[in-house]
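Got a predicted model here, sequence first, then my questions.
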Amino acid sequence: MELNNLTDYQLVDLYVKGNQSGMEVLIHRHKKKVFTYILLIVKDQHIADDIFQETFIKVIKSLRQGKYNDEGRFVSWVMRIGHNLIIDYFRKQKNLKTFSNDGSDVNVFNNAQYADKPVEDNLINSQIESDVRLLIETLPEEQKEVIMLRHYAGLSFKEIAEQTNVSINTALGRMRYALINLRKVIEEKKLNLSIA
């Protein structure tokens, strides 16, 4: 049987039943699309390589644990895993930013702006971020994507338009509708997403 002629679903089924070749064909089939997507966002070959590998490690683990339900959208599922890993990467980078005192007349380490926040504030911020992330997950896929690319990956609307193969106006429109929909849900559920 010629593996390249099989559908993604058939290849996943083969892999789950123990045929490693199924996964090799899937990776080869979707490598360019997944890797290009990651590289366009992180803009670094080595980081993109790492995230790509991590993506397929997660795919393999999920398949082995039976956490994948095929709806004819294998590549979309893989892209979503890669997308979430990109967001995790940017979050870690944001948290790892350090400050140097070298060559500065101002002591940045003795500045209220960089002082540790009270534990309660950190917990509240963490809860707010978690709540917002859950709200974003309720949005239609196109709106969710533009919010993730803009706010978590830090892309410009021009980059988002290129990444998603739409015009800048369409990307802006999706963001506008996403924000409108988020506001509606926040008002309906009477959520408080700010520190008192």
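It's in. Numbers count the residues shown, from 1 in each chain.

Could you look up the next helix or strand downstream of the one helix or strand in the chain whose mean pLDDT sits lowest?
Lowest on mean pLDDT, DSSP states H and E among the helices and strands of the chain sits helix 119-137, with a mean of 67. Next helix or strand after helix 119-137 toward the C-terminus (DSSP states H and E): helix 141-147.

I'd like to know which elements that following helix is packed against.
When contacts are defined as 3 or more Cβ pairs under 8 Å, 6 or more residues apart in numbering; DSSP states H and E, helix 141-147 packs onto helix 119-137, helix 157-164, helix 168-188. C-beta: built from backbone N, CA, C; applies to glycine.

Show me the contact partners of the last one.
If you take Cβ atoms under 8 Å, 6 or more residues apart in numbering as the criterion, helix 168-188 is touched by 135-136, 138-140, 142-147, 150, 157-158, 160-161, 164, 166, 191, 193.

Could you identify the buried members of the residues you listed?
Neighbour-count burial (16 or more other Cβ atoms under 10 Å) is assigned, among the contacts of helix 168-188, to 135-136, 139, 143-147, 150, 157, 160-161, 164, 166.

Now the two most distant members of the residues you listed.
L135 and A161 (23.9 Å; Cβ to Cβ).

care to break the chain down by domain?
Domain segmentation of the chain under automatic domain parsing yields 1-95, 119-196.

Select from these the stretch with the lowest mean pLDDT.
Sorting the domains of the chain by mean pLDDT places domain 119-196 lowest, at a mean of 78.

contact partners of stretch 7-18?
3, 6, 21-23, 25-26, 29, 63-64, 66, 68, 70, 72, 74-75.

Stretch 68-81 too?
8-9, 12, 26, 30, 33-34, 37, 55-56, 58-59, 62.

and those, which are buried?
With burial judged by 16+ other Cβ under 10 Å, the buried subset of the contacts of stretch 68-81 is D8, V12, L26, H30, V34, Y37, T55, F56, K58, V59.

residues touching the third one, list them.
The reference is to L26. D8, L11, V12, Y15, F74.

ok, so of those, who is nearest K92?
F74 (27.4 Å).

Can you give me the distance of that closest one to K190?
In this view, F74 and K190 are 39 Å apart by Cβ to Cβ, to the nearest Å.

who has more neighbours, those two?
F74 (20 against 6; other Cβ atoms under 10 Å).

Could you check how far that one is from Q45?
On the measure of Cβ to Cβ, F74 and Q45 end up 25 Å apart.
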